[in-house]
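Visitor: Just to be clear, the model below is a prediction. Sequence and coordinates:
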Amino acid sequence: MDFYIPDNNLFSKRFTILVRKLSGIEVGAKDWRQQLANWVQAHPCAWWQGVWIACEIKGDPGEHGLDDQNKTPDIGEIFSNARINIAENIFTFGPLNDDSLIAWAEDGPRSIWARARLKEMAGRFASAFHELGLNSGDRVVIHLPDVPEKIAAFLGACWMGLVPVIEPPWARPIHGRDTCWAEFSPKLILTCDGYRRDGVWVDNGSFLEKLTAQTKDDLIVVPVPCAGSRRNVQSKAEVMPWDTFDKLGKGGGFSYRYIPFVQELAFLYQNDDADFKMIKSGEWLTSMLMDWLLWVDIGVGAHIFASDIREQSNWLRLIAALATGSDVILYNGDHGAMNGQVLWRIIEREQVKVVHITQKLLAEIQNGKAEPKQNHHLDRVELVIVEGAISTAQKDFLQTSCFVNAKISFC
């Protein structure tokens, strides 16, 4: 993971203090960016150790002995024998009695999960995985729509030290999925009975029948109730019914399993690429906590919304936002729902403070000649994080036609 400084002026107090204590450089002084870049290049170990402390990363940082002093080490080499748990770090921040997930569907709001409920459900997934004999490093497929249970399943897998293979049900045609997943040799597949997308209800029952007809005897398939099926998928002999799986995790009390810093976190299916993208645990955790706690520290209680989660990497970024102690808005649907107004309605109704938006969605909105602020109250948004660089015209569009009170940042 390379060191970078975002091109904005929204740095948190903890970042300013970190830089001053480590290097003596004052953030905001003349040429401070170049000075800091030079300092980090000369003292990479000291910098990343400081980041570990400033971001309050839980785990064992390990020893920092490096034999080759002529080589500039990367973060994986610096923490080569460190051990962490992703779920523990996500659940560290924020009061348990506060809300953590506000879930929307294409037709409006659906559910609210408190932080305590999310932690309980993640722990139950972890306990169920443990009862089924899964061990750290084993791979599980999470083939679910963007609902709260999907986040709980992901964090439960991380709790246990498992490696999720994440693919939404609408990502590719039904045929061929088992072949794609076979390369990972998963021990368990969590899939859905049905889902809704683009205003259409999709019955996943036929896919379940084809999947179970081709799976090995030792592969466990669990249909998670999401939108229903015309087939009685829970009664099939080849699957583990959701009620059975759910009861396995009700005991709770399963301790966090620590994994190597360099272990895989997940494999993600990207819509523009036929292959899965692999993400490493330590690098992902460090970069995400830097994004949310060093570059931008919005504070506990703010509502954060990733407005385009077609790419599952954005979905993971939304999960990382839980580490701020704030609430995240989870949207399970297409951004064109409600005649293209669903995203603006979410932002307005949930009084969102931070919006994460992709270049692709921004271009679509701008090309549609929309003037969102004319029909929606978006003045509570304080920060817009854009994935990648944008043009001056796009930045002006965001600030004049969408979020008049917001600062624009890039990641």
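Guide: It's in.
Visitor: what about the longest helix in the protein?
Guide: Looking across the chain with DSSP state H, the single longest helix is helix 115-131.
Visitor: Now do the same for it: mean pLDDT, whole number.
Guide: Per-residue pLDDT over helix 115-131 has a mean of 93.
Visitor: which intervals of this protein have sub-threshold pLDDT?
Guide: For the chain, the stretches flagged by pLDDT under 70 are 7-9, 65-70, 94-96, 173-176, 178, 215, 251-253, 271-274.
Visitor: The residue most central in space within it: which element?
Guide: In the chain, the C-alpha nearest the mean C-alpha coordinate belongs to L316, at 1.5 Å (CA atoms, centre = their mean). Secondary-structure assignment from DSSP states H and E places L316 in helix 312-320.
Visitor: With I142 instead?
Guide: I142 belongs to strand 139-143 when elements are defined using DSSP H and E.
Visitor: Not counting that strand itself, show me its contacts.
Guide: Under the criterion CB atoms under 8 Å, 6 or more residues apart in numbering, residues 129, 134, 150, 153-154, 157, 162-169, 177, 181, 184-192, 267 lie in contact with strand 139-143. Using the backbone N, CA and C atoms, a C-beta is placed for each residue, glycine as well.
Visitor: ok so, going back, run through who's touching the longest helix of the chain.
Guide: Under the criterion CB under 8 Å, 6+ apart, residues 87, 91, 94-101, 113, 140, 148-149, 151-153, 155-157, 159-160, 162, 188, 245-246, 248-254, 322 lie in contact with helix 115-131.
Visitor: For the stretch 301-411 of the chain, just list every one of the strands.
Guide: With DSSP state E, counting those that start in this stretch applied, the stretch 301-411 of the chain shows strands at 303-306, 327-332, 354-358, 383-387, 407-410, listed in chain order.
Visitor: JSON lines please, covering these and showing distance to G50 and mean neighbour count.
Guide: Written out in JSON lines, the entries for these read as follows (distance: least, CB to CB, whole Å; neighbours: other CB atoms under 10 Å):
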{"stretch": "strand 303-306", "distance to G50": "25", "mean neighbour count": "24"}
{"stretch": "strand 327-332", "distance to G50": "27", "mean neighbour count": "24"}
{"stretch": "strand 354-358", "distance to G50": "25", "mean neighbour count": "23"}
{"stretch": "strand 383-387", "distance to G50": "24", "mean neighbour count": "21"}
{"stretch": "strand 407-410", "distance to G50": "22", "mean neighbour count": "17"}
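Visitor: For the ones you listed, give me TSV that also has distance to F79.
Guide: Shown next, in TSV, are the strands of the stretch 301-411 of the chain (distance: least, CB to CB, whole Å):
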stretch	distance to F79
strand 303-306	27
strand 327-332	27
strand 354-358	27
strand 383-387	26
strand 407-410	27
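Visitor: which stretch among those strands comes nearest Q394?
Guide: Relative to Q394, the nearest member of the strands of the stretch 301-411 of the chain by CB to CB is strand 383-387, separated by 8.1 Å.
Visitor: before we move on, the earlier item: narrow the contacts of strand 139-143 to those in helices?
Guide: Counting by DSSP H, the contacts of strand 139-143 place 129, 150, 153-154, 157, 177, 181 in helices.
Visitor: Relative to Q34, which of those is nearest.
Guide: Within the ones in helices among the contacts of strand 139-143, the smallest distance to Q34 is 38.7 Å, found for F154 (CB to CB).
Visitor: what bridges to the closest residue to the closest one other than its chain neighbours?
Guide: Using CB to CB, 6 or more residues apart in numbering and skipping residues adjacent in sequence, the residue nearest F154 is P164, 5.6 Å away. When bridges are assigned using DSSP bridges, the partners listed for P164 are V140.
Visitor: What residues of the helix or strand hosting Q35 count as buried?
Guide: Element membership for Q35, per DSSP H and E: helix 32-42. Neighbour-count burial for helix 32-42 flags 35-36, 39-40 (criterion: 16 or more other CB atoms under 10 Å).
Visitor: what do you get for stretch 393-403?
Guide: By 16+ other CB under 10 Å, the buried positions in stretch 393-403 come out as 394-395, 397-398, 401-403.
Visitor: Then stretch 119-137?
Guide: For stretch 119-137, burial by neighbour count (16+ other CB under 10 Å) applies to 119-130, 132, 134.
Visitor: again, but for stretch 198-217
Guide: By neighbour count, and taking 16+ other CB under 10 Å as the criterion, the buried residues in stretch 198-217 are 202-205, 207-208, 211-212, 215.
Visitor: next one: stretch 291-309
Guide: By neighbour count with 16+ other CB under 10 Å, stretch 291-309 contains the buried residues 291-298, 302-309.
Visitor: between these, which is closest to K58?
Guide: The closest of the buried residues of stretch 291-309 to K58 turns out to be L293 (CB to CB; 13.1 Å).
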